[in-house]
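build me a model from this:
(chains A, B, C and D)
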There are 2 protein chains.
Amino acid sequence: MIKDIKIPDVTIERVALYLRPLENFEKNGGHVISSDKLAELCNVNPAQVRKDLSFFGEFGVRGVGYQVTELLSEIKKILASDREWRLGIAGLDDIGMALVQHKNFLNRGYKFVAAFDFNPRNIGKRVAMDLVVQPVSRLKEITMDMSLEIGVIATTPSEAQKTADMFFEAGILAVLNFSSTHLRKPECCLVQNVDFTFSLDHLAYQLNKKIR
Amino acid sequence: MIKDIKIPDVTIERVALYLRPLENFEKNGGHVISSDKLAELCNVNPAQVRKDLSFFGEFGVRGVGYQVTELLSEIKKILASDREWRLGIAGLDDIGMALVQHKNFLNRGYKFVAAFDFNPRNIGKRVAMDLVVQPVSRLKEITMDMSLEIGVIATTPSEAQKTADMFFEAGILAVLNFSSTHLRKPECCLVQNVDFTFSLDHLAYQLNKKIR
DNA sequence: AAAGATTTGTGCAATTATTCACAAAATAGC
DNA sequence: GCTATTTTGTGAATAATTGCACAAATCTTT
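Residues are numbered from 1 along each chain as shown, chains lettered A, B, ... in the order given. A predicted model of the protein is given here:
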C-alpha cells in the first residue's frame, strides 16, 4: 500500500541501504529485527528507519519489531528488485569484463543477457555463461529483439554517446553510464552515471581536512 | 580563505561535480564562465553554484563571471585534488585490474603505487607501469615503507576484513571498499564504500514507478 | 562620465529532511 | 486480567538545504 505523496529520493537510497545488512542478519539466523538494531547496522537514526518504511506501509509490529523475511520481501517489492531486469552491456574491456563477471548483479536480479563491443578482437568471445560478445552494429536489433531494459555503457568515452544513442533508438528504458562522459539523452530515458573518482575526491577532501 | 562554519557534505559533493564539466569547458576553449552556464552544465540551480563556492571564498567577478582556469585551481585546492595521493590496492582480479588500468584515477592525481593479492597466480604480475603485484603478507610492511595514504579493497568479500585490518594496522588514512562487505574500522580511519548495485536499485525503482 | 546591462555574493523566506517524543499496540510476567 | 515493558508509527519541533530576489560590483556603450 503506497501512499501517493511524494517519496524523497534520500528515502529510496536509504531503503536500498537497509536491504544489505538485513540480508546478512537473516543469513546469520535473525528472524525479527527492531528499528534500533537495523539503524545501528546502517549507521542511521532509528526514527529515520521507521519513517522511511512508513512511506510504504506498516511492516512492523509494535512491541515486537519487524519480521526480517517479510521486511526483505517488502523492500524488494518497493525497489522493484523482486524481479529480474534484463541488461545489455556495451564495452567489454576491463570495466565491462569486471561487471559481467561480478556475481552481485545476478544475486540482485540484474542479469546481463547481451554484450556488445566495437573491437573485432572481443567479438565472439564468451564472457560469461550464455553471454557472447556481439558487434555493436547489431546493438539496436538485439536490444529490441531481446527486449533489454537497462543498457550499461562501459565503452571508451569517445564511443559512449554513439553507443548510448543506439540504446535510446532501440527504446531502452534506462542507461547506466560508467564512461565518465556526460551523455545527452531523450526526455523519456533515465541515465545514471557512475564515477569512482567522486568517492576518492570525497575521501581526499575529508583526509585533507583531518590531517591539515 | 575558508570560513570556519560547517560546510555541508552535499556542497562538497556538488563542488566535485562542478569540476568535470568545467575541465571540459576549458578544453573547448572557454575562459570565463557564469554561474548560470555552469549550473546548466551540471543540472543544478545557479544560486546553488554561487552559494556552494561562496563557502570557500569569492572566486568570481560581478558582472563578469568566473575565470575558468582559476576556478578549476581553486576547486582542486578545496577538494585537495591539487596533489598526488598514494594508493595501494588489494585484490587484482577483474575489478582490481579494471581499477589500476583506469586512466581517470591518475588524471585526477590518484596514483596506484602498490598492489597486493592473496592468489599466488597473480603475485609477480606487472599490472601497470611500475606496478608489480606483491603478496598480501607484505601489505603492512610495504604500506608503511611507501607511506600509502588510501587503501583500495577489491578482494573477495571473505578476504575484505582481513585485508582492511592490515591496512589499518599499517596506519593507512582511508579505505575505499569495493568488496560489498561492511567493514569494521577504527575510529581514526575513513572508509568509503562503493557498490554498483545501488545505482541499479535506484534505476529499477524509478523505472518501475514510470512503467507501472 | 553617466546610463544601461551583467552577474556575483548573500540575507532571508520557503521548502525539505531529520529527530524527538509520545500515544497506541503488542507481549510478558505475575 | 492487570501492570510493566517493549517497540512501532507518526505529529510536532528542530535543523538543514534550497532558491529567490536584490544590492553591490564590474563592464559596455554612447
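
tell me how far the lengthiest strand in chain A lies from the chain's centre.
Longest strand of chain A, by residue count under DSSP state E: strand A:110-117. Relative to its chain's centre, strand A:110-117 lies at 15 Å (C-alpha atoms, centre = their mean, to the nearest Å).

so what are the sheet partners of whichever helix or strand comes after it and their directions?
Going down the chain from strand A:110-117, the next helix or strand is strand A:126-128, by DSSP states H and E. Using DSSP bridges, strand A:126-128 pairs in its sheet with strand A:131-135 (antiparallel).

the partner strand vs strand A:110-117, what angle?
Angle, strand A:131-135 to strand A:110-117, by axes from the mean of the first three to the mean of the last three C-alpha atoms, to 10 degrees: 40 degrees.

other SSEs contacting the next helix-or-strand element following strand A:131-135?
Elements were assigned by DSSP H and E; along the chain past strand A:131-135, the next helix or strand is helix A:139-145. When contacts are defined as 3 or more C-beta pairs under 8 Å, 6 or more residues apart in numbering or on different chains; DSSP states H and E, helix A:139-145 packs onto strand A:85-90, strand A:110-117, helix A:157-169. To be clear about C-beta, it is placed using only N, CA and C from the backbone, and glycine gets the same treatment.

recalculate using a threshold of 7 Å.
Helix A:139-145 makes packing contacts with helix A:157-169 when contacts are defined by 3 or more C-beta pairs under 7 Å, 6 or more residues apart in numbering or on different chains; DSSP states H and E.

for the helix it packs on, give me every contacting residue.
Residues from elsewhere that reach helix A:157-169 (C-beta atoms under 7 Å, 6 or more residues apart in numbering or on different chains): A:90, A:118, A:136, A:139-140, A:143, A:151, A:153, A:155, A:175, A:177, A:179-181, A:183-186, A:189.

gap between that helix and the chain center?
Counting by C-alpha atoms, centre = their mean, helix A:157-169 comes out at 20 Å from the chain centroid.

which residue does chain A bring closest to DNA strand C?
residue A:63 (2.7 Å; C-beta to the nearest atom of the strand).

list the contacts of that residue.
Contacts of residue A:63 (C-beta under 7 Å, 6+ apart): none.

am I right that it is in a helix?
No: going by DSSP: H, G, I helix; E, B strand; the rest coil, the assignment for residue A:63 is coil, not a helix.

what residues does chain A put near DNA strand C?
Where chain A comes near DNA strand C, counting by C-beta under 7 Å from any atom of the strand, the residues are A:8-11, A:44-45, A:47-48, A:50-51, A:61-64.

if we can go back for a sec, check which helices and strands the longest strand of chain A sits against.
strand A:85-90, strand A:131-135.

for those strands, which one ends up most surrounded?
strand A:85-90 (a mean of 24; mean count of other C-beta atoms under 10 Å in any protein chain shown).

can you redo the helices and strands packed on strand A:110-117 as TSV with mean pLDDT?
Conversion of these to TSV gives the following (pLDDT from 0 to 100):
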stretch	mean pLDDT
strand A:85-90	98
strand A:131-135	98
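
still on that earlier bit, could you give the average pLDDT over the longest strand of chain A?
For strand A:110-117, mean pLDDT is 98.

would you turn the helices and strands packed on strand A:110-117 into JSON lines with distance to residue A:20?
Below are these laid out as JSON lines (distance: least, C-beta to C-beta, whole Å):
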{"stretch": "strand A:85-90", "distance to residue A:20": "18"}
{"stretch": "strand A:131-135", "distance to residue A:20": "26"}
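
for residue B:111, which of the ones you listed is the nearest?
strand A:85-90 (28.5 Å; C-beta to C-beta).

and the residues of chain A next to DNA strand C, which of them are buried?
Taking 16 or more other C-beta atoms under 10 Å in any protein chain shown as the criterion, what is buried in the residues of chain A next to DNA strand C is A:11, A:44, A:50.

between these, which sits nearest DNA strand D?
Nearest to DNA strand D among these, with distances taken as C-beta to the nearest atom of the strand, is residue A:50, at 3.9 Å.

how about the one helix or strand that closest one maps to, does it reach DNA strand D?
Assigned by DSSP H and E, residue A:50 falls within helix A:46-54. Yes: judged by C-beta under 7 Å from any atom of the strand, helix A:46-54 and DNA strand D are in contact via A:46-47, A:50-51, A:53-54.

arrange the residues you listed in TSV, one row each, with pLDDT and distance to residue B:110 as further columns.
Formatted as TSV, these follow (pLDDT from 0 to 100; distance: C-beta to C-beta, whole Å):
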residue	pLDDT	distance to residue B:110
A:46	98	36
A:47	98	38
A:50	98	39
A:51	98	37
A:53	98	38
A:54	97	41
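
which one of those is nearest to residue A:81?
Proximity of those to residue A:81 (C-beta to C-beta) peaks at residue A:53, which lies at 15.9 Å.

ok, back up a step: which strands and helices lie in contact with the helix holding residue A:50?
When contacts are defined as 3+ C-beta pairs under 7 Å, 6+ apart, helix A:46-54 packs onto helix A:9-27, helix A:35-42.

format those as TSV; extra columns: mean pLDDT and distance to residue B:112.
TSV is the format used below for these (pLDDT from 0 to 100; distance: least, C-beta to C-beta, whole Å):
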stretch	mean pLDDT	distance to residue B:112
helix A:9-27	97	27
helix A:35-42	97	31
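
residue A:76 - nearest residue in space that isn't next to it in sequence?
Distance criterion C-beta to C-beta, 6 or more residues apart in numbering or on different chains; nearest residue to residue A:76, sequence neighbours excluded, is residue A:82 at 4.0 Å.

still on that earlier bit, any chance of the buried ones among the residues of chain A next to DNA strand C in a markdown table, plus distance to residue B:105?
As requested, those are exported to a markdown table (distance: C-beta to C-beta, whole Å):
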| residue | distance to residue B:105 |
| --- | --- |
| A:11 | 32 |
| A:44 | 30 |
| A:50 | 40 |
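
now, among the residues you listed, which is nearest to residue A:127?
Among those, residue A:11 lies closest to residue A:127 (C-beta to C-beta), at 36.2 Å.

list the contacts for the closest one?
A:52, A:55.

do the same with the one 3 residues further on
Going by C-beta under 7 Å, 6+ apart, residue A:14 touches A:44, A:52.

so how far is chain B from it?
11 Å (C-beta to the nearest C-beta, to the nearest Å).

can you name the farthest residue from the center of chain A?
Using C-alpha atoms, centre = their mean, the residue of chain A lying farthest from its centre is residue A:212. It sits 35.9 Å away.

residue A:6: how many residues sit nearby?
8 (other C-beta atoms under 10 Å in any protein chain shown).

quick check, pLDDT for it.
For residue A:6, the pLDDT comes out at 86.
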